[in-house]
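J.: Sequence first, then the predicted structure, then my questions.
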Amino acid sequence: SQTIHQWPATLVQPVGSPLSLECTVEGTSNPNLYWYRQAAGRGLQLLFYSVGIGQISSEVPQNLSASRPQDRQFILSSKKLLLSDSGFYLCALHREGTSEQYFGPGTRLTVT
Amino acid sequence: GQQLNQSPQSMFIQEGEDVSMNCTSSSIFNTWLWYKQDPGEGPVLLIALYKAGELTSNGRLTAQFGITRKDSFLNISASIPSDVGIYFCAGSRSNDYKLSFGAGTTVTVRA
């Protein structure tokens, strides 16, 4: 079965500091992967998706970037965090042959 | 982006009650999905619907894919305290890999 890991689970960072969030998946190969952000009490905003190594599509112009250095690894980064980057970041994978997406446990980011 | 209108935004329900929530769109979708999110966790897929008119159950949950392909409904029967959470609808068109999400329905159960 497919498993999604996200690291770290929680993070508190000062404004202007860099960011690196990691998502790794198991039990599948060449998955489509997604990064979402969820502000407090709000819905899900798609940030990036990737259909393969080195292939990144950005949905919203912003302070963040994504990379896919390996088939089962998806990284979300920032060079300088803003207060507005605070939120709950979710990685998801697309189940091949369906329209279903499955989510990881999330990373809670607080920018102070 | 969020192109789906989900209602109600929140609901307080009595334990044992049946409840309903719905999701509508101005666009046609080929797949409707319903997720539940517990506090501090990622959303979990509850039900996936692939055919217009389809009615699918998962335990006490029942969801329907609207005939027009522009709406979907989720029903929870005999609510229990663990039904607390946020329920999201999502729709997919067959020609891309992206989902459109509703803003969520927050369910709180009174014991």
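T.: Great, that's in hand. Since this is a predicted model, take the numbers as computed values, not measurements.
J.: use CA for all of it now, contacts and neighbours both
T.: Noted.
J.: what's next to the worst-scoring helix or strand of chain B on mean pLDDT, contact-wise?
T.: Least confident element among the helices and strands of chain B, by mean pLDDT, DSSP states H and E: strand B:105-110 (a mean of 90). For strand B:105-110, contacts defined as C-alpha atoms under 8 Å, 6 or more residues apart in numbering or on different chains pick out B:6-15, B:21, B:79-81, B:83-88.
J.: Contact partners for residue 27?
T.: Went with chain A since none was named. Residues near A:Gly27 by C-alpha under 8 Å, 6+ apart: A:Ser1, A:Gln2, A:Thr3.
J.: ah, I was thinking of chain B
T.: Contacts of B:Ser27 (C-alpha under 8 Å, 6+ apart): B:Lys70.
J.: Mind doing that once more with 10 Å?
T.: Neighbour list for B:Ser27: B:Gln3, B:Leu4, B:Thr68, B:Arg69, B:Lys70, B:Asp71, B:Gly91, B:Arg93 [criterion: C-alpha atoms under 10 Å, 6 or more residues apart in numbering or on different chains].
J.: Which secondary structure state does it sit in?
T.: Classification of B:Ser27 using DSSP: H, G, I helix; E, B strand; the rest coil returns coil.
J.: what's the answer for A:Ser84, then?
T.: Quick answer, by three-state DSSP: A:Ser84 is helix.
J.: What residues does A:Leu81 make contact with?
T.: Counting by C-alpha under 10 Å, 6+ apart, A:Leu81 makes contact with A:Gln13, A:Pro14, A:Val15, A:Gly16, A:Ser17, A:Pro18, A:Leu19, A:Asn63, A:Leu64, A:Val111, A:Thr112.
J.: Lowest pLDDT pick from the residues you listed?
T.: Across the contacts of A:Leu81, the smallest pLDDT goes to A:Asn63, namely 89.
J.: Could you verify my assumption that it touches A:Ser86?
T.: No. Judged on C-alpha atoms under 10 Å, A:Asn63 makes no contact with A:Ser86 at a distance of 11.7 Å.
J.: follow-up on the earlier one: would JSON lines of the contacts of A:Gly27 with neighbour count be doable?
T.: Below are those laid out as JSON lines (neighbours: other C-alpha atoms under 10 Å in any protein chain shown):
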{"residue": "A:Ser1", "neighbour count": "5"}
{"residue": "A:Gln2", "neighbour count": "11"}
{"residue": "A:Thr3", "neighbour count": "13"}
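J.: Secondary structure and pLDDT added to the residues you listed, as CSV?
T.: CSV is the format used below for the contacts of A:Gly27 (DSSP: H, G, I helix; E, B strand; the rest coil; pLDDT from 0 to 100):
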residue, secondary structure, pLDDT
A:Ser1, coil, 83
A:Gln2, coil, 88
A:Thr3, strand, 94
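J.: Run through the residues of chain A sitting next to chain B.
T.: Residues of chain A lying close to chain B by C-alpha under 10 Å from any C-alpha of the partner chain are A:9, A:32-34, A:41-47, A:49-51, A:59-60, A:88-92, A:94, A:96, A:98-108.
J.: just the buried members of those?
T.: Burial by neighbour count, 16 or more other C-alpha atoms under 10 Å in any protein chain shown: within the residues of chain A next to chain B this picks out A:32-34, A:43-47, A:49-51, A:88-92, A:94, A:99-108.
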